[in-house]
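1. need a 3D model of the sequence below.
(one chain, ligands or ions: 1)
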Amino acid sequence: MNLTNFRFETDADGIALATWDMPGRSMNVITPEVMDELARIVDAVAGDAAIKGCVIASGKDNFSGGADLTMLQGLGREYERLKAEQGEEAAMRAFFEESRRLSLLYRKLETSGKPFAAAVAGVCLGGAFELALACHHRILADDDRTRVGLPEIKVGLFPGAGGTQRVARLMQTGDALQMLFKGEQIRPLMARNMGLVHAVAPKDEIVAKAKEWIRAGGSAVAPWDVPKFKAPSGKVYSPAGMMIWPPANAIYRRETHDNYPAAKAILTSVYEGLQLPMDLALKVESRHFARILRTTEAAAMIRTLFISMGELNKGARRPKDVAPTAIRKVGVVGAGFMGAGVAYVSANAGMEVVLIDQSVEAAEKGKAYAHTLVTNQISKGRAKTADRDALLARIHASADYADLKDCDLVIEAVFEDPKVKAEVIGKVEAVIGPDVIFASNTSTLPITGLAKASGRPEQFVGIHFFSPVEKMMLVEIIRGGTTGERAVATALDYVRAIKKTPIVVNDSRGFFANRCVLAYVLEGHKMLLEGVPPAMIEAAGRMAGMPVGPLSLNDEVALDLGLKIARATEAQLGADAVDPGQMKLLTALVETHGRLGRKNKKGFYDYPEGAPKRLWPGLRDLQPARLDPDAVDVEELKHRLLVVQALEAARTVGEGVITDPREADVGSILGFGFAPFTGGALSYIDFMGAKAFVDLAHGLEAKHGPRFGVPDNLLRMAETGGTFYGEAAQQAA
Ligand code: NAD
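-> Just a heads-up that it's a prediction; the model follows:
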């Protein structure tokens, strides 16, 4: 057989081994060519009486990451072309057939009459795990790298090559729905306990064990094709089914607020599919899949969370002419909340860390944070004691700046005070090498201003982490007025090494993410002052797709910090730059009531010990007016909360703070959880259409004031029918 992406050989016992190993790629992915070759393999195995069965394995470190999502994007373009040429019905028919090719291929494998076994080592996700699920036997390597799962939901899709049907026939319906909704990567033993795979074995034995299974007469009939097959949870229309489906519906609503069509499609595919024999069930799944593939949500999420994020992670914004830097040793000055986190993520990436504070005790306290974090990992079985010892040995806690002398990069995270920062910059530059890059983690002080304290301002850059550092995947790299290309490149190399996602932002007050976040929080405060019930504000935030309501978010960040920022802004930019109502509200909360947020267990919420947080009843007394909840338009609240952030994002583009729409979109989702189904703050506008968005903003401006004013760049776009991505592509051309 003439194959490019697989090696195919049959041993003396008549057992075939198809080794998936795509040339010129580090990872196997499903492409049309792979589908063609797999179909030929199935035909060859089924058609040759001398072949008893077939093992599918990978020739690479990983099994496969699944379908090539750019191929799915191509399907959409083909649909548009056909629609223009032959009309919608013909286009949809072709699209449906094409989008279910993989599903049909897997079913062909499953019903070929010959046993197939998947021997999986490394990552096996999405369409690749659906291939394994269609095999009659699955065996996983028991190593640390092996993971299986169906993460499609994370990019607005769902497993459309039989995944929803096979998983729902392998385990209890509630567990199956959870697995499909969460899209998590599952470790080998867990996968076996869940019933997803049959066996776990040492990596170098999986192929032999899979062959053994075939040799011993492994069945070529899937459990669900055996007459009288019963699904683990029984029938949908049964007393047991009635215990599952009403709560499943409620959980779906609670978790998604109906914003994710793919999640609903999972629910319907499983619900409808479980009532049908497998072939029909797969057809139902395919119908939903074809529909979901064409949703705005899938297009937006694939673009931002898969394609753009991948590009940014691979250095799309890195200055090309600068040679890569390997950061071996990093200095972190300030071992407080942020510095301790930065030290941990750096040491976790294998770097040596010098962690400096005003006293050795303070520095040691910062180092102890790393101890706590790894200990938590150990208790979850995700790390070993030896990992903790090795990681801690890489962090040197000190109060002596001279210890920074051979660092390749220094990051400061001292108090947010220009005088303290200036002193630290001077002390650090006195000991580090002349070429070393200095980065500040400031969250509010413009980098251009701080760089004035530096003797080498072209080597001065912002590396802005979000808290908690170990969890938040976004890092803003701030290019100050004097920052040079080498500083930006080094910062990007560092962020890549610690496996976070960077965006490069030009200097501005609040940079990018915090500007949008502040707009969101302010909108929550405005609603409170208008008299909207606080619970309604919070619910509207979550219904709009934000991870938490604006008042919760403010509690997390700390109310006194909000007040401090508002006062600093007023001092520097004048009284017009702050909202007087907000100032009054925060002053009352912080200074009259001593409510600082979650950190002192008193903010917009109370945080009782051992019980869920609840809104502070005293908020009612801070509301000058109170609206009748039935008279409040919830849709308008939702719009306000997203539009106000998207407008701020559009302004950052107009001002040249953001120069690439991918960064605003990825940054808004990773940095502050901007409704992921929209694809991010700019995609929200682009997919709605600039004209429709501007009309919406104008309506809100007329009712709620100038913070909904539309910046010129967006007005122009509404007139020309342009998009942020379209304009960026034009500029790049
Ligand atoms: P923090 O108060 O927890 O820590 C500051 C640390 O710096 C303290 O341990 C202090 O002892 C040390 N320090 C002060 N002066 C020093 C000096 N001269 N030499 C050595 N160490 C010194 O503050 P934090 O929350 O970690 O914030 C640190 C920086 O990070 C600030 O610039 C802040 O704006 C920024 N930041 C904070 C957050 C956040 O959510 N807290 C997020 C992003 C950025």
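2. CA atoms for contacts and neighbours, from now on please.
-> Fine.
3. the helix or strand hosting Leu700: which residues count as buried?
-> Using DSSP states H and E, the element containing Leu700 is helix 690-704. Neighbour counts over helix 690-704 (16 or more other Cα atoms under 10 Å) mark 690-691, 693-694, 696-698, 700-701 as buried.
4. tilt between the following helix or strand past that helix and helix 690-704?
-> Using DSSP H and E, the helix or strand that directly follows helix 690-704 along the chain is helix 712-720. Here helix 712-720 points in a direction 130 degrees away from that of helix 690-704 (axes from the mean of the first three to the mean of the last three Cα atoms, to 10 degrees).
5. just the endpoints, please. Distance across stretch 294-303?
-> 13 Å (Cα to Cα, to the nearest Å).
6. quick one: contacts of it?
-> 69, 73, 76, 154-157, 260-262, 292-293, 676-680, 683, 687 (Cα atoms under 8 Å, 6 or more residues apart in numbering).
7. which one of the buried residues of helix 690-704 is nearest the ligand?
-> Ala697 (30.3 Å; Cα to the nearest ligand atom).
8. quick revisit: next step: the contacts of stretch 294-303 restricted to helices.
-> Using DSSP state H, the subset of the contacts of stretch 294-303 located in helices is 69, 73, 76, 261-262, 292-293, 683, 687.
9. closest to the ligand out of those residues?
-> Taking those together and measuring to the ligand by Cα to the nearest ligand atom, the closest member is Ser683, at 25.5 Å.
10. thinking again about what came up before, contacts for the helix holding Leu700 next, please.
-> Residues contacting helix 690-704 (Cα under 8 Å, 6+ apart): 640, 643, 685, 707-710, 714-715, 717-719, 721-723.
11. same list, the ones in helices among the contacts of stretch 294-303, but as CSV with neighbour count please.
-> Shown next, in CSV, are the ones in helices among the contacts of stretch 294-303 (neighbours: other Cα atoms under 10 Å):
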residue, neighbour count
Leu69, 17
Gln73, 16
Gly76, 18
Pro261, 22
Ala262, 27
Ile292, 23
Leu293, 23
Ser683, 25
Phe687, 17
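12. mind picking the two most distant members of the residues you listed?
-> For the ones in helices among the contacts of stretch 294-303, the farthest-apart pair by Cα to Cα is Leu69 and Phe687; their separation is 19.2 Å.
13. what does this protein have sitting close to the ligand?
-> 333-339, 356-358, 413-416, 420, 424, 441-443, 464-467 (Cα under 6 Å from any ligand atom).
14. again, only using 8 Å
-> With the criterion set to Cα under 8 Å from any ligand atom, the chain comes near the ligand through 333-340, 356-359, 362-363, 366, 399, 412-417, 420-421, 423-424, 440-445, 464-468, 557.
15. Leu373 looks like it's in a helix, true?
-> Yes - Leu373: assigned to a helix according to DSSP: H, G, I helix; E, B strand; the rest coil.
16. how much space separates it from Arg328?
-> From Leu373 to Arg328 the distance is 22 Å (Cα to Cα).
17. again, but for Lys108
-> Lys108 is 52 Å from Arg328, by Cα to Cα.
18. buried sites along stretch 704-715?
-> 708-711, 714-715.
19. cool, stretch 18-28 as well?
-> 18-22, 27-28.
20. with stretch 196-207 instead?
-> The neighbour-count check on stretch 196-207 (16+ other Cα under 10 Å) flags 196-197, 199-201, 203, 206-207 as buried.
21. span of it from start to end?
-> With Cα to Cα, one end of stretch 196-207 sits 18 Å from the other.
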